[in-house]
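Trainee: coordinates for the following, if possible.
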Amino acid sequence: MKIKLLTTMLLGIPVFAHSQVSLNASMAPPVNTTIIYNDANVPNPPFIFGKSGTNNTWDFASITAWPGAEDTTYVISPSAIPLGSAFPSATHCTYEDGTGTSYTMMQINSSGINFLGSVSDLSGSGNYMAVVANPPLVAMAFPYTFGSSGNGTSVVQIFTTGAAIGQPSVDSVHYKSTITGQRDVIAAGNMILPSGTLPAMLERSINSSIDTLWMKGAITLNQWIIAPNFPQTSLDSSFYWYTNQSLLPYAHALYDNTGLHDVNFYKATISGIAEHENSLSANVYPNPVTDVLHLNIAENFQGNHEISIYNSCGQLVMKATNWLDQINVSHLHPGIYFMRLNDSSGRNVSLRFIKS
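Mentor: You can find the predicted model right below:
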């Protein structure tokens, strides 16, 4: 039985003052923003970076990224997510790469950033649950700058049926995770990106969890027992770079028990684009596409509509109006594209496609 809980997708909010990056609530992330990162996975040669002091130079421009393997993070309204109402104080929701397997719920206010929990498909069975952190896990306390630190502990508990997590032979399930986070801003300097050089600060985040799963059913003689392979413990160390340009980290380097397993760095931001902006329905096919992209647009779109297509650098590359059901994209370069559809009532939906 596999249970997976996403607890580490936490935002930072940078602002620049006197050559020093500082985080505060004045730059709370706008809803419907997409940020795209170059994905280097495990760089070769290895990425070695300074972790102390205030005069560092972090050169991401020299890292070779995987072509067409960008990472994407979306910032959306919590109200756009099913079960989002379980987090009434949430101000922001994030998810990655359009996979829709876990949505992270956060509250950002003048005091800092709190991780409230997630709406997640914990077992991959297609059943989503509201996973509430009690108490909320403090991610950052403002102002947050070089030398700042913070720690917090929270507990997540889920009581549900076995069928809800893909184990129909089990009547009841009780999952508990104790999560501890320690964050320290350990270094400052400049980061070199393909788009230019920016002042930055480096945060080290150490997250640990102890997960326990109990189950009860006919196969346990109707007694609560600890599920096989539980309790489980995990520990990971991650590094995040924040700049004076964005509410989101501009780069990360992630570690687990296998060592360094993921490095990414900023490529572009697209404002007003997110895949879950409202309940309007549309899709495109084939995806990937070679020449003609077909649009399947739901009847609840009103009047004429406008289509805008952006490349993964955030540049508008195509625009069309009225009820087109197909678009010739043969002239576009191979890569990832984002399409935004607006109807005459002002409603919209956004989609992603790959040009092969």
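Trainee: okay, CA-based contacts and neighbour counts for the rest of this
Mentor: Fine.
Trainee: go ahead and confirm Tyr285 touches His294.
Mentor: Yes. When contacts are counted by C-alpha atoms under 8 Å, Tyr285 is listed as touching His294 (5.3 Å).
Trainee: on the three-state scheme, the nearest residue to Thr145 once chain neighbours are set aside is what?
Mentor: Spatially, and ignoring its direct neighbours in sequence, Thr145 is nearest to Ser22 (4.5 Å; C-alpha to C-alpha, 6 or more residues apart in numbering). State at Ser22, reduced to three classes by DSSP: H, G, I helix; E, B strand; the rest coil: strand.
Trainee: cool, and Ser89?
Mentor: Local secondary structure at Ser89 is given as coil here, using three-state DSSP.
Trainee: backbone phi and psi for the spatially closest residue to it that is not a sequence neighbour, please?
Mentor: Of all residues not flanking Ser89 in the chain, Gln107 sits nearest, at 6.3 Å (C-alpha to C-alpha, 6+ apart). Its backbone dihedrals place Gln107 at phi -120, psi 120, with angles given as degrees, to the nearest 10.
Trainee: any idea what Gln107 is bridged to?
Mentor: Counting by DSSP bridges, Gln107 is bridged to Asn114.
Trainee: could you measure from it over to Thr91?
Mentor: With distances defined as C-alpha to C-alpha, to the nearest Å, the gap from Gln107 to Thr91 amounts to 5 Å.
Trainee: repeat for Thr34
Mentor: If you measure Thr34 against Thr91 using C-alpha to C-alpha, the figure is 17 Å.
Trainee: just to check, Leu198 is in contact with Asn244?
Mentor: Yes. Proximity of Leu198 to Asn244 meets the contact threshold set by C-alpha under 8 Å, at 7.3 Å.
Trainee: the stretch 51-200 of the chain: helices as residue ranges?
Mentor: Under the criterion DSSP state H, counting those that start in this stretch, the stretch 51-200 of the chain carries no helices.
Trainee: quick one: which of Tyr285 and His294 has more around it?
Mentor: The neighbour count for Tyr285 versus His294, taken as other C-alpha atoms under 10 Å, is higher for His294 (17 against 13).
Trainee: excluding chain neighbours, what is closest to the more buried one?
Mentor: Ranked by C-alpha to C-alpha, 6+ apart and with sequence neighbours excluded, the top spatial neighbour of His294 is Gln326, at 4.2 Å.
Trainee: check the one you found and give its pLDDT.
Mentor: On the pLDDT scale, Gln326 is placed at 83.
Trainee: cool, and Gly12?
Mentor: Gly12 carries a pLDDT score of 33 in this model.
Trainee: and Ile48, what helix or strand is that in?
Mentor: With secondary structure defined by DSSP states H and E, Ile48 is part of neither a helix nor a strand.
Trainee: mind checking how far it is from Tyr242?
Mentor: Distance, Ile48 to Tyr242, by C-alpha to C-alpha: 18 Å.
Trainee: between the two, which one's more packed in?
Mentor: Tyr242 (30 against 9).
Trainee: how far away is the nearest residue to the more buried one once chain neighbours are set aside from Phe230?
Mentor: Nearest non-adjacent residue to Tyr242, counting by C-alpha to C-alpha, 6+ apart: Pro249, 4.7 Å away. Note on Pro249: its distance to Phe230, by C-alpha to C-alpha, is 33 Å.
Trainee: same question, Ser350
Mentor: From Ser350 to Phe230 the distance is 41 Å (C-alpha to C-alpha).
Trainee: what about the two, which has more around it?
Mentor: Here Ser350 and Phe230 are compared on neighbour count by other C-alpha under 10 Å; more neighbours surround Ser350, at 24 against 13.
Trainee: for that one, name its beta-bridge partners.
Mentor: Arg340.
Trainee: and Pro228, helix, strand or coil?
Mentor: Secondary structure of Pro228, reduced to three states by three-state DSSP: coil.
Trainee: can you count the residues close to Pro30?
Mentor: By other C-alpha under 10 Å, 14 other residues sit near Pro30.
Trainee: if we can go back for a sec, please identify which of Thr34 and Thr91 sits among more neighbours.
Mentor: Ranked by neighbour count (other C-alpha under 10 Å), Thr34 and Thr91 place Thr34 first, with 25 against 19.
Trainee: so what's that one up against?
Mentor: Residues counted as contacts of Thr34 (C-alpha atoms under 8 Å, 6 or more residues apart in numbering) are Thr72, Thr73, Tyr74, Val75, Thr269, Ile270, Ser271, Gly272, Ile273, Ala274.
Trainee: much appreciated, bye for now.
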